[in-house]
Each structure stands twice: as structure tokens, then as C-alpha cells.
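Chemist: Pasting a predicted model and its sequence here:
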Amino acid sequence: MNRRKFVQTLGALAPLATLSNNLSAFDSDPLRKPIVVSTWSGNTKANEKAWEQLQSGKSALDSVHQGVMVPEADPEDMSVGLGGLPDRDGIVTLDACIMDHAGNIGAVMGLENIIHAISVARLVMEKTPHVQLVGDGALQFALEQGFKKENLLTPKSKKAWTEWLKNSQYNPMTTVEEIEKRIEKNHDTIGMLALDSFGNLSGACTTSGMAFKLHGRVGDSPIIGAGLYVDNEIGAATATGVGEEVVRICGSHTVVEAMRYGHSPEEACKIALERLVKMKGKPYCLKVQIGFIALNSKGEMGCYSLLPNFTMAVRDESGSRVIASKSLL
């Protein structure tokens, strides 16, 4: 080999050497190891399911999908899926969305009679040219994909609805407080984020929405950019609480953009909440609750809420734990 060919060969191999070095750095970086986070302490079981998927080599997308299916199928969980609290007409309607590391998205809104709204949302993402299906159209699509219609109103959730009908008073935050007292649960929507061993992020969000809402009401949970957003280069965020207020500030996208400009996940969540307080004022915000959780591309996570008593569940190689969120007000 003459000198010119030798130099050309070295030049061709240089990018591969750089890639190899970068991969080694990635593999040894403790901040890039798999992790799962979700809204509320009650979702540790969902985290465990997602963690099992990650440990078996599954993608972040598969992990969050399987993780949020746990509360969806739990009739004792009156916030999502089977047993979710109905609207004021006694109808259980479900909302969900999912987003992967490549910007692929799918969502369903106002879906009736199908337990796993998140699974339908994923199929919207993978099998249609669309990103959102609503109401009867979402149900029709689900049935075409082999899902079976089931009655989502359980005796427990029906009893809660009939009790509410005695006064039929509707105030979003009063409703949440009453629900928490009645069912002794400390969460509503489940939003889940995961980072897998390939360094990819994904997120999922699913809910039965605000209890006793107007039929047809949709909150933030199935709206990409509001209830959930993922940018694989930067990070991911998801939300819980009064969806109208999250939509108002494009909440999860706002959190991710704050991380883009160098803020930590916790700081980014706080910045989004500060935007709402600036927009609507402190007296207004003292009547609503929002909680954000965020996970950046390094595997660093954080949370922040508008009012106290919000929690984030975490699962990583060190085990399962719950983090009490700081609050703005």
C-alpha cells in the first residue's frame, strides 16, 4: 500500500473509530441507563411492568405501552380504562396518546367500550395515515382491529356516579377532591416516560378524563404537545391534573422546549407552571392542580406541580421509589 492509499484508508476508518468511541462512552455513561417514570405514587405497579419490558430488551415504546395497560385493566382504578369514572350521562369515555423517539404519534379521544385505549392509539400511529381518531370513528377502527366491546362502567364507578347525581354539582377541582376522598387514590391520569438501553425515549398517556364531565369533553391527555411530548434529542414530558389548563399552555411541549434551552427537567416543569400563573393569575391557579414530570435524554428526571401533594413514581436499576414534587403555590 502506497502512502496515498494508506492516508485514504485512515480517513475512511476515522468516522468508524469515532462512532466506536462514542458508543463506548455511551455504554459507560451511568446517566443513559434505562429508567421509567410515571405520574403519581399509585403507578408503581405500572412502572414495574414497563421495567420488565426494558430489562428484556424491549424498546421504550413497548415499555410505556405495556406499563400503562396495567391501570387500564384494573377495575379498582377509577381514573383510566375499566372502572373509570363516567361523564355526567353515565358514559365512560377514554382518551389516550402515545409517542416514540422518531416522532411517530397516535391518539384516540372519546373512545367508548374498549378497555385499552392506549393500544388503539398505538394502532392509529402504526396502521393509519392519521394521528388522531375520535368518538364513533375511534370505536369503529378499534373493532376493525379486533378489539371487543366491553362495558367499562363497573358497579363501583356506577355507584359513584349515582351518588353524584343527587346534587349534580360540577366543579373540576371539587370533583377531583371528592374522588380522592371516596376511592382513596392519589392519582388520576397516568402519564409514563421511559428511556431504553438504546438511548431512545417514548411516552404514553391514558385517562378516563375528568369525572362527570360534559359528554364529549376532551382534556390534555390525548393531545400531543399538551398531555405528552417526546423529542429524542432533548427529552420527554407528560402531565396530569386539570387538562384545560395544560392545553392552555401547550404544557408538555413547553417543558421539553425549556429543557432544550438548558434547563433541568425539574426547572423545565416549573417554568411551564410559571407561564400559567403569569397568564391567569395566582387566585385562579390556586383553584386548579397540574403536575408535570420530565425525563431528559441523559436519563435525568424531575417533576413539579402547581399545588402540593403531587408525586412521581420512578423505576430504574436502583429499584422503585416515589418522589414528592415541589409545588409552585
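Modeler: Arrived safely.
Chemist: What distance separates the opening and closing residues of stretch 313-328?
Modeler: Stretch 313-328 has its terminal residues 20 Å apart, counting by CA to CA, to the nearest Å.
Chemist: mind listing what's buried in that stretch?
Modeler: Going by neighbour count (16 or more other CB atoms under 10 Å), the buried part of stretch 313-328 is 313-316, 323, 325, 327-328. In short, each C-beta sits where N, CA and C put it, glycine included.
Chemist: Could you dump those into JSON lines and include secondary structure, distance to residue 236 and pLDDT?
Modeler: Shown next, in JSON lines, are the buried residues of stretch 313-328 (DSSP: H, G, I helix; E, B strand; the rest coil; distance: CB to CB, whole Å; pLDDT from 0 to 100):
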{"residue": "313", "secondary structure": "strand", "distance to residue 236": "15", "pLDDT": "97"}
{"residue": "314", "secondary structure": "strand", "distance to residue 236": "14", "pLDDT": "98"}
{"residue": "315", "secondary structure": "strand", "distance to residue 236": "15", "pLDDT": "97"}
{"residue": "316", "secondary structure": "strand", "distance to residue 236": "15", "pLDDT": "96"}
{"residue": "323", "secondary structure": "strand", "distance to residue 236": "17", "pLDDT": "97"}
{"residue": "325", "secondary structure": "coil", "distance to residue 236": "17", "pLDDT": "97"}
{"residue": "327", "secondary structure": "strand", "distance to residue 236": "22", "pLDDT": "96"}
{"residue": "328", "secondary structure": "coil", "distance to residue 236": "21", "pLDDT": "96"}
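Chemist: which one among those gets closest to residue 304?
Modeler: Nearest to residue 304 out of the buried residues of stretch 313-328 is residue 325 (CB to CB; 5.8 Å).
Chemist: quick one: low-confidence ranges for the stretch 51-200 of the chain?
Modeler: For the stretch 51-200 of the chain, applying pLDDT under 70 flags the ranges 170-188.
Chemist: ok, 90 please
Modeler: For the stretch 51-200 of the chain, the stretches flagged by pLDDT under 90 are 166-189.
Chemist: Helices of that one, residue ranges please.
Modeler: Secondary structure of the stretch 51-200 of the chain (DSSP state H, counting those that start in this stretch): helices located at 60-72, 117-127, 135-144, 155-165, 172-183.
Chemist: so what does the fourth one touch, helix or strand wise?
Modeler: If I follow you right, that is helix 155-165. On a contact count with 3 or more CB pairs under 8 Å, 6 or more residues apart in numbering; DSSP states H and E, helix 155-165 meets helix 172-183.
Chemist: Figure out how far stretch 280-297 is from the centre of its chain.
Modeler: Stretch 280-297 sits 15 Å away from the centroid of its parent chain (CA atoms, centre = their mean, to the nearest Å).
Chemist: Buried residues, it. List them.
Modeler: Those would be 285, 288-297, for stretch 280-297 by 16+ other CB under 10 Å.
Chemist: Could you work out the end-to-end span of that stretch for me?
Modeler: The straight-line separation of the ends of stretch 280-297 (CA to CA) is 32 Å.
Chemist: can you check stretch 193-202 too?
Modeler: OK, stretch 193-202 end separation, CA to CA: 6 Å.
Chemist: Please report how far residue 65 lies from residue 285.
Modeler: Applying CB to CB, to the nearest Å, the value for residue 65 to residue 285 is 33 Å.
Chemist: And for residue 33?
Modeler: For residue 33 relative to residue 285 (CB to CB), the value is 36 Å.
Chemist: Ok, residue 77 next?
Modeler: 28 Å.
Chemist: Check residue 113 too.
Modeler: In terms of CB to CB, residue 113 sits 36 Å off from residue 285.
Chemist: Nearest spatial neighbour of residue 128, chain-adjacent residues omitted?
Modeler: Ranked by CB to CB, 6 or more residues apart in numbering and with sequence neighbours excluded, the top spatial neighbour of residue 128 is residue 141, at 7.4 Å.
Chemist: Check which helices and strands the helix or strand harbouring residue 291 sits against.
Modeler: If you go by DSSP states H and E, residue 291 is part of strand 290-296. If you count contacts as 3+ CB pairs under 8 Å, 6+ apart, strand 290-296 packs onto strand 35-39, strand 190-195, strand 235-241, helix 251-260, helix 265-280, strand 301-305.
Chemist: For residue 325, give me its contacts.
Modeler: Residue 325 makes contact with 291, 303-305, 310-312, according to CB atoms under 8 Å, 6 or more residues apart in numbering.
Chemist: Out of these, the closest to residue 216 would be?
Modeler: Using CB to CB, the contacts of residue 325 come closest to residue 216 at residue 291, 25.0 Å.
Chemist: Could I get the contacting residues of that closest one?
Modeler: Going by CB under 8 Å, 6+ apart, residue 291 touches 39-40, 239-241, 303-306, 310, 312, 325.
Chemist: Which strand residues bridge it?
Modeler: residue 240, residue 305 (DSSP bridges).
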